[in-house]
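Visitor: no letters, just coordinates:
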């Protein structure tokens, strides 16, 4: 395998991934770091952004260098660079690395093969799962700490085995990682133990706005700038909240109004089954997928509601 | 295998499980019903309680007879009874069945082997997983609908692969079930799409009471009878809510006061790591485990808070 050969021929290997690293990025980086160390290589992990608190249990985290630029001494030494889970070569935020021999390991469909060596597999549930093949080809022993890193990559990228990439192959990898020492219950608890207090406070306020329309088939929640301020929260703390009203029994469309900046309202739409919210979002200049779309409405919250909600109710009533 | 032999020798098979059937109970019953049908047997599923709305996507649900008593005509015909996931023979709520030859399939540690044939495996992640061995021994083809039922049993009993019973064996079963046609993402969405509106409304009210004590290491939430009334909710709708404050970053102990009946307060305690809330609960006449305990305080909410909260804060401060 070309990736294992490239690792074998190199002496000083720099590993990186995309900005705002997630479980697959960090788990893959740290497992590969350990694999390189086992092979007797010098290896570094370099990231632009720190790890999220939920991933602070990962082994070897102290090995990661978080910097705005790769230090000159390190760049000079490096004879191989590995990009993990980066659908574009700009994703790590280190243009200085592009002068080096590059290995590109990714599972995104649109990866343009920017590496000297490219190992791409859009069928892979996570890049962490692809690294099992790299580890095997390189003759590295899968240690408990590597298994913990790769299991974390897998479980986060499949959304606790709930997303569509939860294939038979994902479960085969999970089985192997558990046999190698990964502990699913311990990892799940560590991952889920770091909800910021402000998110819980904001969630209470946003859920208190719940409105049910169209005989319970449309659920509406709202977040205002005042709520954000009161909860000391940030706009990104509202992420995923639209899934709470969406999960209500009988709901076909969930609408989330985010009136966070004066004069504009961000609207998230989620639907079930054959109800197409993308088409509705498009009539307001927005986009997305059939069951998940968004748009920005220029105007007040009241205007956004007056324009949008009758159309949403019409949509579920004609479905 | 004795269970497969018993099924093979019988002609008319009655399948049941415990009252308030969950995913493992229903998934196992319906998969076994299909297996018996494939073997050319007449089979019935009989339950005391209806299925929860979250499981209404399961195939063959219309085959279940929900009754307070097994009808005489059916009891007469039956030549074999299968109890699934029942740690005691009283669990289905059909004492009339105990006169029949009984097969007992369960994964609870304390099952007293009440059957004529007992297939017990406390290592099994779910009874649904044990049925794979039964199906194989009986020479039944694992159909997509059976795989859907057994995957549902597995995913619900392991808490989306997050509980301690998420073993390598659980993932091996998951892989096989997906290969046989189970669709994890479709099943996950169906399972999670049935939150009652009242639960979301109650959650908003309860989360709004969040208090942080002991420098963020103790999180307290409260539910009153008024909240329950306002949300049109029931006491059992508060189940699992204590896990929300428990998941807050930095929290070591979560306390949930439920003041639902006059003169008594039910208190749930959850802790992380080595903090023992069972010992604390015991001093108030309660019980549980080291990290999950409960007690009933006789008195008002104010009295319960005044007695308990200083002790909880002391506990985390001495930890």
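Guide: All right, it came through fine. As the structure is a prediction and not an experimental result, all values here were calculated from the model.

Visitor: can you give me the helices in chain A?
Guide: Per DSSP state H, chain A has helices spanning A:2-9, A:23-38, A:72-77, A:127-138, A:144-157, A:168-179, A:184-192, A:197-207, A:225-230, A:243-246, A:277-282, A:301-317. These are given in chain order.

Visitor: out of the ones you listed, which comes closest to residue B:55?
Guide: Closest to residue B:55 of those, according to CB to CB: helix A:243-246, at 18.9 Å. Bear in mind the C-beta positions are built from the backbone N, C-alpha and C, glycine included.

Visitor: contacts for that closest one?
Guide: With contacts defined as CB atoms under 8 Å, 6 or more residues apart in numbering or on different chains, helix A:243-246 is touched by A:203, A:207, A:210, A:219-221, A:251, A:254-256, A:270, A:272, B:193, B:195, B:200.

Visitor: picking up where we left off before, can you put the helices of chain A in a markdown table and add mean pLDDT?
Guide: Converted to a markdown table, those look like this (pLDDT from 0 to 100):
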| stretch | mean pLDDT |
| --- | --- |
| helix A:2-9 | 98 |
| helix A:23-38 | 98 |
| helix A:72-77 | 97 |
| helix A:127-138 | 98 |
| helix A:144-157 | 97 |
| helix A:168-179 | 98 |
| helix A:184-192 | 93 |
| helix A:197-207 | 97 |
| helix A:225-230 | 97 |
| helix A:243-246 | 93 |
| helix A:277-282 | 94 |
| helix A:301-317 | 97 |
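
Visitor: ok, residue A:122 - contacts?
Guide: Residues near residue A:122 by CB under 8 Å, 6+ apart: A:107-109.

Visitor: near chain B, which residues of the stretch 201-319 of chain A show up?
Guide: For the stretch 201-319 of chain A, the residues in contact with chain B (CB under 8 Å from any CB of the partner chain) are A:201, A:203-205, A:207-208, A:210, A:212, A:216, A:219, A:244-250, A:272.

Visitor: what of the stretch 1-150 of chain A?
Guide: residue A:53.

Visitor: hmm, back to that, and the residues of the stretch 201-319 of chain A next to chain B, which are buried?
Guide: A:201, A:203-205, A:207-208, A:210, A:212, A:219, A:244-249, A:272 (16 or more other CB atoms under 10 Å in any protein chain shown).

Visitor: report the two of those separated the most.
Guide: A:201 and A:272 (28.8 Å).

Visitor: show me the domain layout of chain A.
Guide: A:2-192, A:197-317 (automatic domain parsing).

Visitor: buried deepest among those, which one?
Guide: domain A:2-192 (a mean of 20; mean count of other CB atoms under 10 Å in any protein chain shown).

Visitor: quote the end-to-end distance of that domain.
Guide: End-to-end distance of domain A:2-192: 37 Å, with CA to CA, to the nearest Å as the criterion.

Visitor: related to what we said a few turns ago, from the buried ones among the residues of the stretch 201-319 of chain A next to chain B, which is closest to residue B:61?
Guide: Of all these, residue A:249 has the smallest distance to residue B:61: 16.4 Å, by CB to CB.

Visitor: nearest to residue A:40, of the buried ones among the residues of the stretch 201-319 of chain A next to chain B?
Guide: residue A:203 (48.9 Å).

Visitor: my guess is that closest one contacts residue A:241. True?
Guide: Yes. Residue A:203 lies in contact with residue A:241 (CB atoms under 8 Å); the separation is 6.5 Å.

Visitor: that'll do, ta.
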